[in-house]
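Visitor: Need a 3D model of the sequence below.
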Amino acid sequence: SSNPHFLQLWKNAYQCIRRCLVFYEHIGDVPMDEKEKAQLTAEVQFLEAFSYANILKYMGGASLLDHPLELNEKLPSRSSEEETYNHIVGLLDKAAASLPDIRSNSDHGKPSAGACYALKARVAFYAHKYDVAEAAARKVMGMNVYGLYDNYGDLFQPVAELCNEIIFDREYLENPKNSNEGSYIGQFFAPVMMGGWEALSPTQDLIDSYPCKDGKSIKESPFYNPEDPFADRDPRLGFSVLWNGSQIAGKTFNLNNMGDGSHTRTGYSMKKYINPDNDGINNYDWTNFIYIRYAEVLLTFAEARNENLSAPDTEVYDAVNQIRQRPSVNLPPLPSGLSKDQMREAIRLERRLEFAFEGMHLFDTRSYKTTEKDVTKPVYGVNAKGESIFIETRKFNANRDYLWAIPLEEVDLAQGALKQNPGWD
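Guide: Below is the predicted model:
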């Protein structure tokens, strides 16, 4: 509970919430066009909802505030997860009414009605309110202003930052001068040969989850060749992961120093979001980080609708197949005649691969209650010879780890008002 990352997440969320509450207190006194005032208020309501949604998915029920706290004023006790969910959805419904469906040009990056309904679909999906999730996702789809960007690899580069797949993102400046204007994505995750720290080492389990180009698993497909394991695979693998011999920024990724200092432990490194134009990591990164994109809306719609039906219908298939048949991916459509359970597994796999390294899989598994199974399986990688190597086994306490701890510092400051999550006392 004294983990600094827990504290940073909590403080960032409540700093944003406080600013929203201060805004509400004073916006009525500002002389400006009433329509513009309503839209600005809606933007702030979205940001408040976004902050509470972060607390909810990491830590469960939040302390819901109706005014900015005074100095030394204690946080109120935490509301339930259901009450927090209802507060988020209420904010998003109110905000959507005063926002345009999509943002473009100079307004790109600001909240939109599409972002409101997409976030509503996400929080409802994680709350297992599949009817609400389906309806909210359908609302975004029915706007007919969002779509899938053709090139999956370029989607996570500056060239695609204004495309209509991106619904809401964290925007950065070109030629950033500090960490407010740019990000540390390259510094943390780029390969060492580019000047990064290779802070993320993809596991063999993830690599093996990508099918071959015929849509079949590596255990089933005639295209899979253990001597050339990356040939004829789902193209998203090559867009997302570096392996021994991969190319990026005109350089060849290798395993000469594997496991030494900052180098990969598993034989793989992250390629998604790594900007080859920032080779050397001489600058903060200017690639925007995507919080919500249209592919998530489609897969949330598909999974929620599948849960609402006795068997998947054409709408479920169509939503998933749009993802699979993005021009740069071009996998065959899912086989017809899948049962509800088979479709559920197919969509869960599709989400894992489509959103690799985007910060979603953990929360998907929490929703499915499969995190323990996923975390505790042995971790494997490969060495420079392509031989399988054991890396580690990890621990997971199912009675504790499905929620993160409320920061100990905040619990102490609240003087008994904040109840700690189970197992973190």
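
Visitor: Any regions of the stretch 101-250 of the chain where pLDDT drops low?
Guide: For the stretch 101-250 of the chain, no stretch has pLDDT under 70.

Visitor: can you map out the helices along it?
Guide: Here the stretch 101-250 of the chain has its helices, by DSSP state H, counting those that start in this stretch, at 113-126, 130-142, 185-189, 204-209, 235-240.

Visitor: Point out the most buried one among those helices.
Guide: Of these, the one with the most neighbours on average (mean count of other C-beta atoms under 10 Å) is helix 113-126, at a mean of 25. Using the backbone N, CA and C atoms, a C-beta is placed for each residue, glycine as well.

Visitor: Look at residue 326 and give its secondary structure.
Guide: coil (DSSP: H, G, I helix; E, B strand; the rest coil).

Visitor: Distance-wise, check residue 134 relative to residue 185.
Guide: Distance, residue 134 to residue 185, using C-beta to C-beta, to the nearest Å: 33 Å.

Visitor: Could you check how far residue 322 is from residue 175?
Guide: Counting by C-beta to C-beta - residue 322 and residue 175 are separated by 36 Å.

Visitor: picking that back up, nearest to residue 37, out of the helices of the stretch 101-250 of the chain?
Guide: helix 113-126 (17.2 Å; C-beta to C-beta).

Visitor: helices or strands up against that closest one?
Guide: helix 34-59, helix 81-96, helix 130-142, strand 166-170, strand 289-293, helix 294-308, helix 361-368 (3 or more C-beta pairs under 8 Å, 6 or more residues apart in numbering; DSSP states H and E).

Visitor: With distance to residue 268 as extra columns, can I get these in JSON lines?
Guide: Formatted as JSON lines, the helices and strands packed on helix 113-126 follow (distance: least, C-beta to C-beta, whole Å):
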{"stretch": "helix 34-59", "distance to residue 268": "26"}
{"stretch": "helix 81-96", "distance to residue 268": "36"}
{"stretch": "helix 130-142", "distance to residue 268": "32"}
{"stretch": "strand 166-170", "distance to residue 268": "25"}
{"stretch": "strand 289-293", "distance to residue 268": "21"}
{"stretch": "helix 294-308", "distance to residue 268": "23"}
{"stretch": "helix 361-368", "distance to residue 268": "16"}
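
Visitor: Could you double-check that residue 58 lies in contact with residue 404?
Guide: Yes: the criterion here is C-beta atoms under 8 Å, and residue 58 meets it with residue 404 at 4.9 Å.

Visitor: Doesn't residue 31 lie inside a helix?
Guide: No: per three-state DSSP, residue 31 lies outside any helix segment and is coil.

Visitor: Let me see the confidence value for it.
Guide: We have a pLDDT of 96 for residue 31.

Visitor: ok now do residue 147, which residues does it touch?
Guide: Residue 147 makes contacts with 164-165, 294, as judged by C-beta atoms under 8 Å, 6 or more residues apart in numbering.

Visitor: again with residue 266
Guide: Per C-beta under 8 Å, 6+ apart, neighbours of residue 266: 201-204, 379-382, 391.

Visitor: neighbour-wise, which of these leads?
Guide: With neighbours taken as other C-beta atoms under 10 Å, the top of the contacts of residue 266 is residue 381, carrying 24 neighbours.

Visitor: can I assume it is in contact with residue 259?
Guide: No: taking contacts as C-beta under 8 Å, residue 381 lies outside contact range of residue 259: 9.2 Å.

Visitor: Give me the common contacts of the two.
Guide: With C-beta under 8 Å, 6+ apart, residue 381 and residue 259 have common neighbours residue 265.

Visitor: hang on, the earlier thing: please produce CSV containing the helices of the stretch 101-250 of the chain, extended by distance to residue 216.
Guide: CSV is the format used below for those (distance: least, C-beta to C-beta, whole Å):
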stretch, distance to residue 216
helix 113-126, 28
helix 130-142, 28
helix 185-189, 30
helix 204-209, 13
helix 235-240, 14
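
Visitor: got the angle between the helix or strand harbouring residue 353 and strand 289-293?
Guide: In the assignment (DSSP states H and E), residue 353 maps to helix 340-354. When axes from the mean of the first three to the mean of the last three C-alpha atoms, to 10 degrees is applied, the directions of helix 340-354 and strand 289-293 differ by 160 degrees.

Visitor: which other residues reach helix 340-354?
Guide: Residues outside helix 340-354 that contact it (C-beta under 8 Å, 6+ apart): 206, 209-210, 234, 236-237, 295, 299, 302-303, 306-307, 309-312, 316, 320, 323-324, 334, 338, 360-361, 364, 368.
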